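**Student:** How does the following fold in three dimensions:
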Amino acid sequence: MPRTPQSQPRIQLLHAASEPLLALNNDHCIELSPLTLPELDQIIRASFFSATINNSDALLISFDQTSAYQHVNFLWFRERYDRFVYVDRVVVSRAARGKGYARALYTDLFQHAKSAGHSRIACEVNLNPPNPVSDAFHASLGFYEIGRAPNRNNSKTVRYLLRPL
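**Tutor:** Below is the predicted model of the structure:
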């Protein structure tokens, strides 16, 4: 029996937070940091590129080097690169996994970053606690490790990744 092609996901640019996006973020607080609704709203409004699929099936938030964002991982990249786009968080709901939503969001980000004159995308993935699904996913997109660092009182270690555009 032939497979039916999946329809292209509908990517929506974000300009403000919502309760469903907050729930998506906080359902994955081991991989991401938990936020309040005002905190999520603030980072979306300050972002270079933020998007969702189906209102809350998937979320991506990124910043470029000009951002006033003060997270330690973003600052690590800013100390080393004069021009980049940093993916602060990307997450897909459990119910929407396997549909290509994270890849679609990244593809949209790559196009947006390239058209703005950027030549690299940066992010980090947890090494401890391990996140092998995210490791494999980012490797499939062409990201490679450029550093590591402990975070949060040494309770977490991240791998810093980079991908040229």
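**Student:** pLDDT weak spots in this structure?
**Tutor:** In the predicted model of the chain, residues 1-7, 152-154 satisfy pLDDT under 70.
**Student:** helices and strands around the helix or strand hosting Ile121, which ones?
**Tutor:** Assigned by DSSP states H and E, Ile121 belongs to strand 120-128. On a contact count with 3 or more CB pairs under 8 Å, 6 or more residues apart in numbering; DSSP states H and E, strand 120-128 meets strand 85-92, helix 101-115, helix 132-140, strand 156-164. Every C-beta, even on glycine, is put in place using the N, C-alpha and C of the backbone.
**Student:** The following helix or strand past the third one: which residues count as buried?
**Tutor:** Scanning the chain past helix 132-140 towards its C-terminal end, the next helix or strand to appear is strand 144-151 (assignment: DSSP H and E). By neighbour count, with 16 or more other CB atoms under 10 Å as the criterion, the buried positions of strand 144-151 are Asn151.
**Student:** mind starting the numbering at 158 from now?
**Tutor:** Okay, using 158 as the starting number, the last item reads as strand 301-308.
**Student:** Need the contact partners of the strand holding Ile278.
**Tutor:** Residues outside strand 277-285 that contact it (CB atoms under 8 Å, 6 or more residues apart in numbering): 187-188, 219, 230, 234, 238, 240-244, 247, 263, 266-267, 270, 288, 291-292, 295, 300, 305, 313-322.
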